[in-house]
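Student: quick one, structure for this:
(one chain, ligands or ions: 2)
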Amino acid sequence: MFSIFFIYPLFIKSGKDLKVEINSTPGVYQMSIDNIIKECNELKKLGIYSIILFGIPDVKDSVGSDSLCEHGIIASAVRAIKETHPDMFVVTDLCFCEYTDHGHCGIIDEVKQTVVNDATLELSAQQALVHAKAGADMIAPSGMMDGIITTLRTALDENNFPHIPIMSYSTKFASAYYGPFRDVAESSPSFGDRRSYQMNPANAKEAVAESVEDEKQGADILMVKPALAYLDIVREIKNATSLPLAVYNVSGEYSMLKAAEKAGEIDYEKVMLVTMLGFKRAGADIIISYHAKEVVKLMACKGIQ
Ligand code: PBG
Ligand code: ZN
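Tutor: Ligands and ions are numbered 1, 2, ... in the order given. The predicted structure is shown next:
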């Protein structure tokens with residue numbers, strides 16, 4: 001039918017033999033590192049060699065210290081995966097919402113109760129180096145801070161990691177579609193919402209400009225997120241830029257199909273495939289999706305690659 005490059009999201013927690021399914025996202029699990037290693041075997045058997053990692057730390061604090069530490073959950077996971085699966089392409093999501101006690105994507109000004117962009121940039125550079133030293137193959141900043149690509153590119157280049165590409169969550173809208181993800185990643189904000197740093201869904205011009213800006217700053221891959229309600233933006237960005245373009249088929253999009261399947265209301269496999277086709281037709285080169293395993297299985301058995 002068509003070929004597309006998939007990246008599969010994985011959620012890591014500390015512990016042993018942990019595999020906890022989340023109610024709102026059937027088929028998506030929080031896993032301990034040993035189970036993530038086993039999961040990579042399954043993925044490789046299916047031909048999926050790219051994953052994006054989200055860490056859920058034991059301890060959260062105001063600055064997300066666990067994400068800045070070489071022994072934190074994300075660094076430990078990257079090291080363990082690369083040791084056992086050097087052929088796995090490991091992307092790390094770089095943000096603070098899973099690691100902070102307030103659940104926001106950056107450092108908070110306690111008085112104003114808002115995210116402070118520049119303080120967040122500084123710590124983001126530290127986080128990128130922790131990922132790179134652990135062996136990450138690509139870094140994906142998802143916090144929507146201004147200037148993040150320049151900051152990370154400079155930090156990586158100056159510290160002997162010029163070869164590590166950056167996949168920018170370049171056009172990321174504030175969205176209720178992220179609801180189920182926040183259950184899995186335990187990253188709901190404890191106050192307010194993310195509208196001061198994520199984008200307004202009504203503003204198409206700004207949406208395109210943000211991705212164009214990240215291309216200028218040196219991003220290697222751009223992204224639109226969520227995907228389904230924004231295919232017009234995917235096409236516009238594809239036409240306005242020359243980098244590979246990813247879409248994030250987010251948790252809410254996945255959960256809707258799963259719920260309709262469970263209720264017996266749709267032909268799940270067909271709806272899933274046509275959804276993927278829509279992403280591709282709109283201009284996506286890469287799809288980040290919780291459906292990835294099901295899609296490649298289906299495409300393989302039907303011989304429709
Ligand atoms: C946070 C982040 C979010 C997702 C990926 N990284 C959600 C948010 O902004 O709260 C959403 C992914 C999904 O819904 O599947 N930096
Ligand atoms: Zn975040």
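Student: what's near enough to touch the most centrally placed residue in the chain?
Tutor: Nearest to the mean C-alpha position of the chain, by C-alpha atoms, centre = their mean, lies residue 93 at 5.3 Å. Residues near residue 93 by C-beta atoms under 8 Å, 6 or more residues apart in numbering: 52, 53, 54, 140, 142. Any C-beta I mention is one placed from the backbone N, CA and C, and that applies to glycine too.
Student: one more pass at 10 Å, please.
Tutor: Counting by C-beta atoms under 10 Å, 6 or more residues apart in numbering, residue 93 touches 9, 11, 52-55, 74, 131, 139-143, 167, 169, 185, 288.
Student: residue 136 too?
Tutor: Contacts of residue 136 by C-beta under 10 Å, 6+ apart are 53, 74-75, 78-79, 81-82, 89-92, 94, 128, 130, 161, 164.
Student: how about 6 Å then?
Tutor: Residues counted as contacts of residue 136 (C-beta atoms under 6 Å, 6 or more residues apart in numbering) are 78, 90, 92.
Student: kindly report the same for residue 259.
Tutor: So residue 259 contacts nothing (C-beta under 6 Å, 6+ apart).
Student: pull the CA atoms of the helix or strand encompassing it into CSV?
Tutor: Per DSSP states H and E: residue 259 is located in helix 251-262. As requested, C-alpha coordinates have been extracted for helix 251-262 and formatted as CSV (Å, rounded to 0.1, in the frame of the first residue of the first chain):
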residue,chain,number,x,y,z
SER,A,251,-2.7,9.5,22.8
GLY,A,252,-6.2,10.9,22.4
GLU,A,253,-6.3,10.0,18.7
TYR,A,254,-5.2,6.5,19.6
SER,A,255,-7.6,6.1,22.5
MET,A,256,-10.6,7.2,20.3
LEU,A,257,-10.0,4.4,17.8
LYS,A,258,-9.4,1.9,20.6
ALA,A,259,-12.7,2.9,22.3
ALA,A,260,-14.6,2.6,19.1
GLU,A,261,-13.1,-0.8,18.4
LYS,A,262,-14.0,-2.0,21.9
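Student: list the buried residues in that helix.
Tutor: 251, 252, 253, 254, 255, 257, 258, 261 (16 or more other C-beta atoms under 10 Å).
Student: select from the contacts of residue 93 every entry located in helices.
Tutor: 74, 131, 185 (DSSP state H).
Student: what's the distance between the closest residue to residue 237 other than its chain neighbours and ligand 1?
Tutor: In space, and not counting its chain neighbours, residue 237 is closest to residue 211: 4.6 Å by C-beta to C-beta, 6 or more residues apart in numbering. From residue 211 across to ligand 1, the span is 17 Å (C-beta to the nearest ligand atom, to the nearest Å).
Student: residue contacts, residue 211?
Tutor: Here residue 211 is in contact with 170, 171, 222, 237, 241 (criterion: C-beta under 6 Å, 6+ apart).
Student: residues from the stretch 151-300 of the chain in reach of ligand 1?
Tutor: 178, 181, 182, 187, 194, 250, 251 (C-beta under 6 Å from any ligand atom).
Student: for the residue of the stretch 201-305 of the chain found nearest ligand 2, which residues are in contact?
Tutor: Proximity to ligand 2, evaluated over the stretch 201-305 of the chain using C-beta to the ion, is greatest for residue 225 at 11.4 Å. By C-beta under 6 Å, 6+ apart, the residues touching residue 225 are 169, 172, 248.
Student: just the contacts of residue 211 now: which is nearest residue 297?
Tutor: residue 222 (28.3 Å; C-beta to C-beta).
Student: in this protein, where is pLDDT below threshold?
Tutor: Residues of the chain that meet the criterion pLDDT under 70 lie in 1-2, 302-305.
Student: pairing partners for the longest strand seen in it, with directions?
Tutor: The longest strand of the chain (DSSP state E) is strand 5-13. Partner strands and pairing direction for strand 5-13 (DSSP bridges) are strand 25-31 (parallel), strand 50-56 (parallel), strand 286-289 (parallel).
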